[in-house]
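Student: Build me a structure from this.
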Amino acid sequence: MTKIGVMVCGHGSRDEGAVREFQSVARGIKERMPQYDVDSGFLEFATPIIRDGLDRLREKKNDVVLAVPGMLFAAGHAKNDIPSVLNTYEAQNPEMEIRYGRELGIDSKLIKAASARIQEALDQAGGDVPLEETLLMVVGRGASDPDANSNVSKVMRMLWEGFGFGWGETCYSGVTFPLVEPGLEHAAKLGYKRIIVFPYFLFTGILVKRIYDYTDQVAARHPGIEFIKASYLSDHPQVLDAFADRVQEILDGENLMNCKLCKYREQILGFDAEVGLPQESHHHHVEGIGTGPAEPAHDHDHGHGHQHGHAHDHSHGHDHGHSHSHDHGHGHDHHHHPYPHADHPLGPKSMKKAVG
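Tutor: The predicted structure is shown next:
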């Protein structure tokens with residue numbers, strides 16, 4: 001009889017708070033899936049490493065392991081480094097089958113968690129600044145993978161439009177552009193009374209602290225603008241529910257790692273030379289290095305596009321079975337709900353003002 005275990009694969013951090021928060025998320029997943037043995041481990045900078053968690057699951061006689069990346073987006077870590085560790089372990093332990101799930105991605109549960117963090121910050125700030133006079137700045141981690149970076153922009157757009165903020169911008173904590181300080185300086189030129197800075201991160205750590213520090217620095221140079229710092233996602237219940245969904249997707253055969261715009265597989269503008277390179281993980285040298293207050297010698301907080309050719313299994317195929325019909329049968333009155341922000345100063349009605 002097959003026994004199934006669950007492995008939550010984290011990135012790892014030198015920040016002890018980030019490690020504690022990841023472990024809290026792993027406990028939350030375990031609580032949601034009591035029918036399975038659930039373990040966790042890190043790719044780098046913290047213990048236990050992923051291999052340790054897999055060892056424990058094997059010792060408990062789990063012959064199938066459902067592994068999920070504890071990450072928001074699929075950049076180099078989720079697409080390359082973690083699969084490399086899993087594939088190596090499976091090759092060395094052929095009695096265990098490891099099935100790899102997808103990243104959290106853009107998910108309604110994640111959007112709800114993000115909106116809750118933003119609303120908490122707005123409620124705490126108080127005041128009577130209308131949303132139309134507020135700019136939302138969503139800060140992503142930043143990766144050398146444009147697919148992952150573009151997802152942050154989509155999240156920002158959904159939050160911007162969902163709340164009805166006056167404007168929305170995206171910046172990144174590292175690797176790509178715009179970075180936080182120039183991004184906020186640009187936002188400050190746009191004339192909004194309030195700027196809310198939301199780090200779209202799962203856990204705390206050096207990068208989140210830098211985001212808040214840069215926010216303070218830019219705010220000091222623009223005393224006429226109110227800057228609000230929203231909290232990151234952390235172990236919001238909707239985040240934990242989304243992780244449980246990713247595990248269930250593997251069982252349901254819906255394990256769809258997003259490869260359509262993956263720079264390792266397709267010739268994406270500006271990344272043409274990175275298709276089909278051999279895969280290996282560059283994290284073996286930092287597995288298990290402990291946490292602590294020390295600053296990393298070099299920033300591993302980037303999405304590691306160690307441009308390797310993908311060990312994540314592309315055999316899942318990209319036919320998502322979208323056979324649902326869009327023919328709604330127009331024999332009925334096709335009523336459309338009004339757009340909630342139709343009266344927004346920059347909304348659709350503003351176009352009519354320019355038409356003679």
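Student: Show me the domain layout of the protein.
Tutor: For the chain, automatic domain parsing gives the domain ranges 4-105+236-314, 108-229.
Student: Show the average pLDDT along the longest one.
Tutor: Yep, that's domain 4-105+236-314 we're talking about. Domain 4-105+236-314 carries an average pLDDT of 79.
Student: Also stretch 163-178?
Tutor: 95.
Student: Could I get the buried residue list for that stretch?
Tutor: Residues 163, 165-176, 178 are the ones in stretch 163-178 that count as buried (16 or more other Cβ atoms under 10 Å). All C-beta spots, glycine's among them, are computed from the backbone N, C-alpha and C.
Student: Quick check: bridge partners of the closest residue to Glu226 other than its chain neighbours?
Tutor: Once flanking residues are discounted, Glu226 sits nearest to Arg194: 4.5 Å by Cβ to Cβ, 6 or more residues apart in numbering. Here Arg194 sits in beta bridges with Thr134, Glu226, going by DSSP bridges.
Student: got a list of what Arg194 touches?
Tutor: Residues counted as contacts of Arg194 (Cβ atoms under 8 Å, 6 or more residues apart in numbering) are Ala125, Gly127, Val129, Glu133, Thr134, Leu135, Ile225, Glu226, Phe227, Ile228.
Student: sorry, back to before: what about the domains of the chain, which gets the closest to Pro345?
Tutor: Nearest of the domains of the chain to Pro345, taken as Cβ to Cβ: domain 108-229 at 5.8 Å.
Student: Ends of that closest one, what's the gap?
Tutor: Its first and final residues considered, domain 108-229 spans 23 Å by Cα to Cα, to the nearest Å.
Student: Surely Ile196 and Leu136 touch.
Tutor: Yes. Counting by Cβ atoms under 8 Å, Ile196 does reach Leu136; the two are 5.5 Å apart.
Student: any residues in contact with both of those two?
Tutor: Common contact partners of Ile196 and Leu136 (Cβ under 8 Å, 6+ apart): Ile118, Phe165.
Student: hmm, back to that, what's the pLDDT at the residue nearest to Glu226?
Tutor: 98.
Student: any idea how far it lies from Pro338?
Tutor: 26 Å (Cβ to Cβ, to the nearest Å).
Student: How far does stretch 71-83 stretch from one end to the other?
Tutor: Termini of stretch 71-83 sit 13 Å apart (Cα to Cα).
Student: nope, stretch 5-19 is what I was after
Tutor: Note: stretch 5-19 ends 22 Å apart using Cα to Cα.
Student: where along the stretch 1-150 of the chain do the helices fall?
Tutor: Here the stretch 1-150 of the chain has its helices, by DSSP state H, counting those that start in this stretch, at 16-32, 50-59, 76, 82-92, 108-125, 146-163.
Student: With adjacent residues omitted, what lies nearest to the residue nearest the centre of the chain?
Tutor: Nearest to the mean C-alpha position of the chain, by Cα atoms, centre = their mean, lies Leu72 at 2.0 Å. Closest residue in space to Leu72, ignoring its immediate chain neighbours: Leu104 at 5.1 Å, by Cβ to Cβ, 6+ apart.
Student: and that neighbour, backbone torsions?
Tutor: phi -60, psi -40 (degrees, to the nearest 10).
Student: Quick one: residues contacting it.
Tutor: Per Cβ under 8 Å, 6+ apart, neighbours of Leu104: Met71, Leu72, Phe73, Leu110, Val239, Ala242, Phe243, Arg246.
Student: closest to Ala148 among those?
Tutor: Phe73 (4.1 Å).
Student: Farthest pair within the buried residues of stretch 163-178?
Tutor: By the measure Cβ to Cβ, Gly166 and Val175 form the most distant pair in those, at 28.5 Å.
Student: hang on, Glu95 packs against Val64?
Tutor: No. Between Glu95 and Val64 there is no contact, the gap being 10.5 Å when judged by Cβ under 8 Å.
Student: Show me which of those two is the more surrounded one.
Tutor: Val64 (17 against 8; other Cβ atoms under 10 Å).
Student: for that one, what are its contacts?
Tutor: Thr2, Lys3, Ile4, Gly5, Met96, Glu97, Ile98, Arg99.
Student: rerun at 7 Å
Tutor: Taking Cβ atoms under 7 Å, 6 or more residues apart in numbering, we find Val64 in contact with Thr2, Ile4, Glu97, Arg99.
Student: and it, bridged to which residues?
Tutor: Ile4, Glu97.
Student: quick revisit: pick the one among the contacts of Leu104 closest to Asn80.
Tutor: Nearest to Asn80 among the contacts of Leu104: Met71, at 12.1 Å, using Cβ to Cβ.
Student: Got phi/psi on that closest one?
Tutor: Dihedral pair for Met71: phi -140, psi 150, per degrees, to the nearest 10.
Student: cool, Phe198 as well?
Tutor: Torsion angles, degrees, to the nearest 10, at Phe198: phi -120, psi 110.
Student: Out of the contacts of Val64, the closest to His77 would be?
Tutor: Arg99 (18.3 Å).
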